[in-house]
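1. I'll drop the sequence and a predicted model, then ask my questions.
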Amino acid sequence: MTAAPTAALTVHGLVAGFGGDPVLRGVDLEVDAGTTTAVLGPSGCGKTTLLRAVAGFVRPDAGSVTIHGERVAAAGAADRPDRAPVWVPPERRPVGYVAQEGALFPHLSVADNVSFGLGRAQRRDRTATRARVEALLELVSLDRDVAGVRPSELSGGQQQRVALARALARRPRLVLLDEPFSALDAGLRSSTRAAVKEALAATGVTVVLVTHDQGEALSFADRVALVREGRVVQVDAPAAAYAHPVDRPAAEFLGDAVVLPGTVTGGVARCVLGAVPAAAPAPEGAVEVVLRPEQLTLSSVGRRGRPPTVDAARLGVVERLEYFGHDALVDVRLVTGERVRARVAGADLPSDGDVVQVEVHGPARTYPRAEPLPIS
Amino acid sequence: MAGGRPSWVAVAATAVAAVTLLPVLVVVGAALTADPGATARFLLRPRVAELLGNTVALVVLSGAACLVLGTGAGWLVERTALPLRGLWRVLLVAPLAVPAFVNSYAWVSLRPGTDGLAGAVLVTTLSYFPFVFLPVAAALRGLDPALEESARSLGLRRGAVFVRVVLPQLRTATLGGLLLVTLHLLAEFGALELIRFPTFTVAILEQYDTSFTGASAEVLAVVLVTLCLGLLALEQAARGRARYARLGAGTRRRAEAVPLGRWTAPALAAVAGLVGLALAVPLGSLVRWLGADDDAFSETASDAAALVPAALTTVGLAVTAAAVTVLAAFPVAWLVTRRRGRAAALVERATYVASSLPGVVVALALVTLTVRNVPALYQSSALLVTAYVVLFLPRAVVSLRAALAQAPPELAEAARALGVGPWGALLRVVVPLALPGALAGFALVLVATSTELTATLLLAPTGTRTLATGFWSASASLDYAAAAPYAALMVALSAPLIWLLLRRPDEEVRR
């Protein structure tokens, strides 16, 4: 239970909400110093409340928050007088917080925004403050000319970078980002994300990012913490989380998934697509077999040459094709009636109505199914 | 929320709401304790039926006229290619800077035949139609043209788009404006007394002047309050639960102006005519009487000597009232913007109910209250200021609400996350952002107070003469020339109102 010496943030048994049903129902999370963790979940799952509890804007009803070994929030226990509640107000936490749309002060210039959190004595020293502001703007890849303008004259992406520079000005040990890119349009989002990631990497600060965008979580972070209904259900490296989701809803939230009924015997899952090695842990018996679309390949039957072995059960008709340029998602209706989705590289695409044979590569995830289906 | 903000805000807001509700409680108490038989005998007299008929006729006719003129002018100015739109927008709001009783005086002194229902409808319509024009113009400006374009591409013609898309979205604005007009009509005393058109409010003051017991005045007040509350309920019901919020993000474009073609000249004539009647006539009449004053052999010097102290008294009272009102509005506005929820909405509603009562009712209730309980306060400046606060609180609340919305909690949170304590966040973020709105609220109350007549007549300490009461005693004795300088000063004091209203046109203004 004691925080490991390298833990930048330890959240233990956190329960919080706004009266009535708690939004957080016992969150446990540990974040190592110097890492970037994405807290990922659907809207309403409590991820923003978790971030606000760490920042000090939400008081826990139970549990505790520890930042770099200092306990900043802990609910007291009525029956344990030795466990008095602990509450450090937001301004005394070693935390930098970037709100959803930046929350820049509209009445102050960019420079005054960035230097807002510096102490009065520091702000008195004009030259030092200006140097610090310029260094911070450079860190977030903004031109120093923006120092004099009002926030309203900046684009959304620039505003977010100023907000980050402002949060970094106090040299926090932990930076919290609350959906910082969700208000930006697609093009701006990726460039802003890159600039922010670079700036954060340069400072080596610990980062916790809240997002509902799985692509953003997987690409931005070293670790992904999946939150559902007020609890952390899985914490893993992005690749591990994507490849080994803890359950079927997690699998479906982290990316496109093909779900088929099947059975596992001796580590091999059998489903309509044949026998597929089941990744551990594989429960014996009736399961749901979950595959990623990129694990399926399609070989054309109707046009050029047949596949080496034709397996009638794995034949299907292309029903729909969603084209992205670099690749495409192809929906195939199998002869047995099931629908599966395959990701196909953009160079060699089938067309609607083509007959294809589906092959599976790599292991499948398997999750226990309540009752076996009549036919399998 | 953060750090459990001390609930003194809630306590203060509740206290303010309680004070504003005092007059309502007095009226309700009077209604409950009155002898039903005597009340019935009093109310069933033909005189009361006549008052009721007059009041209803005025509200219906003048309300309808304001609705048509305000909506029409709003559409012409905001949505058509009318020449000089910017100028008309200002001139159509400007009549609000001329107090209704000054407008009435201008008409009566110009055309002594202005009287009866026709005269009352004419004068009150010209004074109050901007209350409809302002919100309608603001709503039309705020409508996303994409909605109308979508309707056009769904096969509707321009006229059908106006009826099926534009008008429904104007409902909140027109209803709000209409409510303001009717509440003003119910409360109006000065303008109607000069025209000799008795409504309930006029009768209450006459009753009070002749009997001084206030008993029959109180009974009439109960009827008047019932009418007011009925109107409020009616407006709430008509407004319904509809919220016409703009959906989706993205920037809003300006609407394309409808070309007027050969209708340009008639439209221009209509707008110019309205401005002429509502603004040029009263100002012209005022200038004429100011000139007459110079020609007259009367004591111009002593008039000026009386004018200066009246002006100073007015400004002193108005500044005090405005400062107290803004201070009282602050906890209410804070509660409404930061806490939301039912309790906060209830507190805000309470402050609105009292101020929608006519000034005469509030003043009478405060007289009753002090004479019975704290005689020392009766006829004191403190009581007069209290009446102003009760009457004009919503103006300050609305301004402060908008001001506090400029400083959303996220900004205060951002400041705290940057190592600034709660008071530091208040001083460095909330106050600078909210100050302009607070000053606007201050100015709105200032203007309203300096032209208030009815409550001032009833509550001003003996010997205290404001611009409004000075004007009143002169014009009531038909000394139009002597009244003119007071009127001119009041109009001059009210002029900033035009700028304030145009600066934030969606602002709701009461009385």
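-> Received, thanks.
2. In the stretch 251-400 of chain B, which residue sits nearest chain A?
-> Going by C-beta to the nearest C-beta, chain A is nearest to residue B:341 of the stretch 251-400 of chain B, at 10.7 Å. The C-beta positions use only the backbone N, C-alpha and C, and glycine is treated the same way.
3. again with chain B
-> For chain B, C-beta to the nearest C-beta, closest residue to chain A: residue B:418, 3.0 Å.
4. Give me the neighbour count for the residue of the stretch 251-400 of chain B closest to chain A.
-> Residues near residue B:341, counting by other C-beta atoms under 10 Å in any protein chain shown, number 9.
5. now the helices for the stretch 351-500 of chain B?
-> B:359-373, B:381-405, B:409-417, B:422-425, B:431-450, B:454-459, B:467-476, B:480-494, B:496-503 (DSSP state H, counting those that start in this stretch).
6. Same list, these, but as TSV with distance to residue A:85 please.
-> Below are the helices of the stretch 351-500 of chain B laid out as TSV (distance: least, C-beta to C-beta, whole Å):
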stretch	distance to residue A:85
helix B:359-373	47
helix B:381-405	30
helix B:409-417	19
helix B:422-425	19
helix B:431-450	31
helix B:454-459	52
helix B:467-476	58
helix B:480-494	56
helix B:496-503	47
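7. Export these as TSV, with columns for mean neighbour count and distance to residue A:140.
-> Conversion of the helices of the stretch 351-500 of chain B to TSV gives the following (neighbours: other C-beta atoms under 10 Å in any protein chain shown; distance: least, C-beta to C-beta, whole Å):
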stretch	mean neighbour count	distance to residue A:140
helix B:359-373	22	57
helix B:381-405	24	29
helix B:409-417	22	16
helix B:422-425	16	24
helix B:431-450	22	25
helix B:454-459	25	58
helix B:467-476	22	58
helix B:480-494	22	51
helix B:496-503	17	36
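8. The ones you listed: lowest mean pLDDT?
-> Mean pLDDT is lowest for helix B:496-503 out of the helices of the stretch 351-500 of chain B, coming in at a mean of 81.
9. circling back to that earlier point, not counting residues beside it along the chain, what's closest to the residue of chain B closest to chain A?
-> Distance criterion C-beta to C-beta, 6 or more residues apart in numbering or on different chains; nearest residue to residue B:418, sequence neighbours excluded, is residue A:117 at 3.0 Å.
10. In contact with the one you found, which residues are there?
-> Neighbour list for residue A:117: A:166, A:167, A:169, A:170, B:418, B:419, B:420 [criterion: C-beta atoms under 8 Å, 6 or more residues apart in numbering or on different chains].
11. Kindly state the pLDDT recorded for the residue in the stretch 101-250 of chain A that chain B sits nearest to?
-> For the stretch 101-250 of chain A and chain B, the shortest gap (C-beta to the nearest C-beta) falls at residue A:117, measuring 3.0 Å. At residue A:117, the model reports a pLDDT of 86.
12. what helix or strand does it sit in?
-> Assigned by DSSP states H and E, residue A:117 falls within no helix or strand.
13. Quick one: end-to-end length of stretch A:248-260, please.
-> Distance across stretch A:248-260, first residue to last, is 11 Å (C-alpha to C-alpha, to the nearest Å).
14. thought the residue of chain B closest to chain A was touching residue A:166?
-> Yes: counting by C-beta atoms under 8 Å, residue B:418 does reach residue A:166; the two are 6.7 Å apart.
15. what sits in contact with each of the two?
-> Counting by C-beta under 8 Å, 6+ apart, the contacts common to residue B:418 and residue A:166 are A:116, A:117.
16. got the contact list for residue 274?
-> Let's take chain A. A:311, A:313, A:314, A:360.
17. Actually, chain B is the one I wanted.
-> B:69, B:73, B:92, B:129.
18. Identify those among those residues that sit within helices.
-> Residues of those located in helices (DSSP state H): B:69, B:73, B:92.
19. Any idea how far stretch A:188-202 is from the middle of the chain?
-> Mean C-alpha position of stretch A:188-202 versus that of the full chain (C-alpha atoms, centre = their mean, to the nearest Å) differs by 16 Å.
20. and that stretch with chain B, contact?
-> No: between stretch A:188-202 and chain B, judged by C-beta under 8 Å from any C-beta of the partner chain, nothing touches; the nearest distance is 13.6 Å.
21. Do the strand or helix carrying residue B:19 and chain A come into contact?
-> Residue B:19 belongs to helix B:8-33 when assigned by DSSP H and E. No: judged by C-beta under 8 Å from any C-beta, helix B:8-33 and chain A are separated, with a smallest distance of 15.7 Å.
22. now the helices for the stretch 51-200 of chain A?
-> With DSSP H, counting those that start in this stretch as the criterion, the stretch 51-200 of chain A has helices spanning A:110-114, A:120-124, A:126-139, A:156-168, A:186-203.
23. And these, which one averages the lowest pLDDT?
-> Here the helices of the stretch 51-200 of chain A differ in mean pLDDT, and the lowest is helix A:120-124 at a mean of 82.
24. quick one: that helix to chain centroid distance?
-> Relative to its chain's centre, helix A:120-124 lies at 38 Å (C-alpha atoms, centre = their mean).
25. Which strands or helices does that helix pack on?
-> If you count contacts as 3 or more C-beta pairs under 8 Å, 6 or more residues apart in numbering or on different chains; DSSP states H and E, helix A:120-124 packs onto helix A:126-139.
26. Could you list the buried residues of the helix it packs on?
-> Across helix A:126-139, burial judged by 16 or more other C-beta atoms under 10 Å in any protein chain shown covers A:129, A:132, A:133, A:134, A:136, A:137, A:139.
27. quick one: average confidence on stretch A:205-213?
-> Rounded mean pLDDT across stretch A:205-213 is 94.
28. any residue of it up close to chain B?
-> No: judged by C-beta under 8 Å from any C-beta, stretch A:205-213 makes no contact with chain B; its nearest approach is 13.3 Å.
29. Residue B:465 reaches residue B:310, doesn't it?
-> Yes: under the criterion of C-beta under 8 Å, residue B:465 makes contact with residue B:310 at 4.8 Å.
30. and after the helix-or-strand element of chain B with minimal mean pLDDT, which helix or strand comes next?
-> None of the helices or strands of chain B scores lower by mean pLDDT, DSSP states H and E than helix B:145-153, at a mean of 74. Following helix B:145-153 in sequence order, the next helix or strand is helix B:158-161 (DSSP H and E).
31. Show me what secondary structure element comes after that next one.
-> Per DSSP H and E, the helix or strand that comes after helix B:158-161 is helix B:167-169.
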